[in-house]
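1. Kindly generate the corresponding structure for this input.
(2 chains)
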Protein chains: 2
Amino acid sequence: MTDGDARPLAVLRATIDALDRELLQLTARRMAVVAEVAAYKRAHGMRVRDPAREREVLAERTRDAAELGLPVGEVEAIFRLLLRASREHQSALRAEVPPGEPPRTVAIVGGHGRIGRVMARLFGDLGHRVLVADVDTEIGAAEAAAAADVVIVSVPIDVTEQVITTIGPHVREDALLMDVTSVKRAPVEAMLAATRASVVGTHPMFGASVHSLQGQRVVLCRGRGDAWADWLARTFTARGLVVTEATPAHHDRVMAIVQVLTHFQTQVLGLTLARAGLPLEETLRFTSPAYLLELYVAARHFAQSPALYGPLEMRNPELGAVTDAFRGAATELATVLRAGDQAAFEGMFAEVRAFFGDFTETALEQSSHLIDRIVERT
Amino acid sequence: MTDGDARPLAVLRATIDALDRELLQLTARRMAVVAEVAAYKRAHGMRVRDPAREREVLAERTRDAAELGLPVGEVEAIFRLLLRASREHQSALRAEVPPGEPPRTVAIVGGHGRIGRVMARLFGDLGHRVLVADVDTEIGAAEAAAAADVVIVSVPIDVTEQVITTIGPHVREDALLMDVTSVKRAPVEAMLAATRASVVGTHPMFGASVHSLQGQRVVLCRGRGDAWADWLARTFTARGLVVTEATPAHHDRVMAIVQVLTHFQTQVLGLTLARAGLPLEETLRFTSPAYLLELYVAARHFAQSPALYGPLEMRNPELGAVTDAFRGAATELATVLRAGDQAAFEGMFAEVRAFFGDFTETALEQSSHLIDRIVERT
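-> Numbering: from 1, shown residues only, chains lettered A, B, ... in the order given. You can find the predicted model right below:
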């Protein structure tokens, strides 16, 4: 460097670089101890996640941070990241069938699809033998089904019932037939009709792009045979998933809200934006973090496949009721706003707030945290 | 502890605790060096943020992390947090009027409101003298306006023009009159009519609940007098804000999308959810991270004030066009879905995807990162 003034800054930065290397080495040593914790937990049949210990760690670290004059929010976020990395690390290390749980043969029909690959990894990680059947595999679906203790149908929603009907007769009576479709009534009925084996419908509430299975949710609908349903719930839980049980009908009713309504509103927003005559880039020049967050949520949807979302909405029996309710609310709200009726507007606002209850405050806190994460990345 | 097996785990955890204390002490040392960097930058009139250096730091740390076998994503997130904490720290340390920039008297009419308090802190942090006038202060708005170099009107949107008309005549001709309202055409016209002083309309694109001003955006509409407008842009930039300049008319057109459309769709979703007959808690049992993210974004809105959102939507001249377009899109999409017309659905999907372009991929990546942050906090 030729600038005489540059030296102090370069020296300071080199000091920071050295401190950061120490930080990373300490983190690596921390991970090594975490590996020992995992071994201990495995030997004692303990769960990976210990929420009480996590709360204790976060409370102590933020208290120490405050004493050292460090920014408490950032330190808390950093330790949450370390804890998550630790959980992942422990999960990976204990990825083997627990003692007393014999390894099974799991056939995945459609195992080369996105969710099929997630399932293959999930069961494979736990030490089970995975047979993948897909259009491009040597082994056929029927052959794989006949050879397996657990048969997972993981094909597009519009051919799920057809595949179930075809392979159902090949599933052994002491085996489990399950699916992973986003609707549950029709596939579970089809499975019950196609086989005398045990039947469970599942709906993994996460996409294939998820970075970690820890804490993700899966819905489980018992069809026939509690022993296999219990085994499946135990298996999912062992890999860090949260299991919600429901009847197929209740599942579909809730999905009319959780999926159909939210996807529909995202699609309506996207279509309105696309037709508003203002380029995306121009709106981004004016973006607030909240708008950017909304855009991420909306645009994320359109990075995915319409072949996935179309059938999911079209096949839900409550589609008509949901879209009618949505359009009615839009008309009512537009009328109130255009009349400049602030009192009626506040009445509607209060109605929604009453529905959300305390969740509005959680949402404000959580989304503010997310907005900070957005700002820090842009 | 009476359980003989508990000792090894307790010992391992004590080791982790000790490593974490070392991590925190290193972080504190890092912050002390950052303070020296801030002093150096201040002495040399340099900006707080150095994107090239930040990229370099992130690249080196993640490379080192990979060599140490550490999870690269988590390490990158941790260093982003450290960099952000550093920027905040440096900004706070250099919170003084830069050499050659004389301190000014800044009057904030409505200074006890939420955005008024943000403005008081922003200008106060930079070493300016802040006079707050509000309904409960001894000093009146006119008196404060007459005494100030910069007069900021920060009152509810429905009384902004009235307050501007009242205090305008008291603003000195060599001073600056500015507002912070979410629409810009009407207030800027009112300011130009009410005073012969310099006039700038501003719209801070962040709420009072924001944790950090770093990287937040503010729109600046020049009304009269470039010297003050330049000063204001410089001042905002010095505090870490990003300034977007626009005419008042263009600002209002963009806000019809960035604010009116997005708020409207959130309100329609909220109203539909509230009337769907399913308790929020029941939907949460089935939540995917993406649904939870959407709920946070929606419920966040209802934690805030309808007195803020109502006028913002009602006063935007494009309200009617936006709500009509939204309702039209909802009807069109509902018709396609109910007809089970997958080809038409994919056509609409493609239309929206073309509008978003590469942004869909950014959105998928960014929102996946946010979903990870949600999962790590729940």
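2. Quick one: residues contacting A:Ala14.
-> Going by CB atoms under 8 Å, 6 or more residues apart in numbering or on different chains, A:Ala14 touches no other residue. Every C-beta, even on glycine, is put in place using the N, C-alpha and C of the backbone.
3. Give me the pLDDT value at it.
-> Per-residue pLDDT puts A:Ala14 at 89.
4. in chain A, what spans have low per-residue confidence?
-> Under the criterion pLDDT under 70, the flagged ranges of chain A are A:1-7, A:89-100, A:209-211, A:375-378.
5. Break it down into its structural domains.
-> A:6-93, A:105-246, A:251-377 (automatic domain parsing).
6. who wins for proximity to B:Ala146 among those domains?
-> domain A:251-377 (33.5 Å; CB to CB).
7. could I get the domains of chain A as a markdown table with distance to B:Ala175?
-> What follows is the domains of chain A, written out as a markdown table (distance: least, CB to CB, whole Å):
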| stretch | distance to B:Ala175 |
| --- | --- |
| domain A:6-93 | 37 |
| domain A:105-246 | 53 |
| domain A:251-377 | 28 |
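8. Among those domains, which comes closest to B:Arg239?
-> domain A:251-377 (14.2 Å).
9. What are the buried residues along stretch A:81-88?
-> Neighbour counts over stretch A:81-88 (16 or more other CB atoms under 10 Å in any protein chain shown) mark A:81-88 as buried.
10. In strands, which of these fall?
-> Using DSSP state E, the subset of those located in strands is empty.
11. Show me the helices in the stretch 251-378 of chain A, by range?
-> In the stretch 251-378 of chain A, the helices defined using DSSP state H, counting those that start in this stretch lie at A:262-274, A:280-284, A:289-302, A:306-314, A:319-338, A:342-356, A:359-377.
12. Now render those as JSON lines, adding mean neighbour count and distance to A:Leu70.
-> As requested, the helices of the stretch 251-378 of chain A are exported to JSON lines (neighbours: other CB atoms under 10 Å in any protein chain shown; distance: least, CB to CB, whole Å):
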{"stretch": "helix A:262-274", "mean neighbour count": "24", "distance to A:Leu70": "39"}
{"stretch": "helix A:280-284", "mean neighbour count": "15", "distance to A:Leu70": "33"}
{"stretch": "helix A:289-302", "mean neighbour count": "24", "distance to A:Leu70": "24"}
{"stretch": "helix A:306-314", "mean neighbour count": "20", "distance to A:Leu70": "44"}
{"stretch": "helix A:319-338", "mean neighbour count": "19", "distance to A:Leu70": "46"}
{"stretch": "helix A:342-356", "mean neighbour count": "17", "distance to A:Leu70": "34"}
{"stretch": "helix A:359-377", "mean neighbour count": "20", "distance to A:Leu70": "16"}
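13. and of those helices, who's closest to A:Ala52?
-> helix A:359-377 (20.9 Å).
14. Would the closest one count as contacting chain B?
-> Yes. In terms of CB under 8 Å from any CB of the partner chain, part of helix A:359-377 sits within range of chain B, namely A:359-364, A:366-377.
15. go on, stretch A:147-161?
-> No. Stretch A:147-161 is not in contact with chain B by CB under 8 Å from any CB; minimum separation 8.5 Å.
16. Can you point out the buried residues in that stretch?
-> By 16+ other CB under 10 Å, the buried positions in stretch A:147-161 come out as A:147-155, A:157, A:160-161.
17. Any idea how far it is from the middle of the chain?
-> Centre-to-centre, stretch A:147-161 and its host chain are 21 Å apart (CA atoms, centre = their mean, to the nearest Å).
18. I am finished for the moment; much appreciated.
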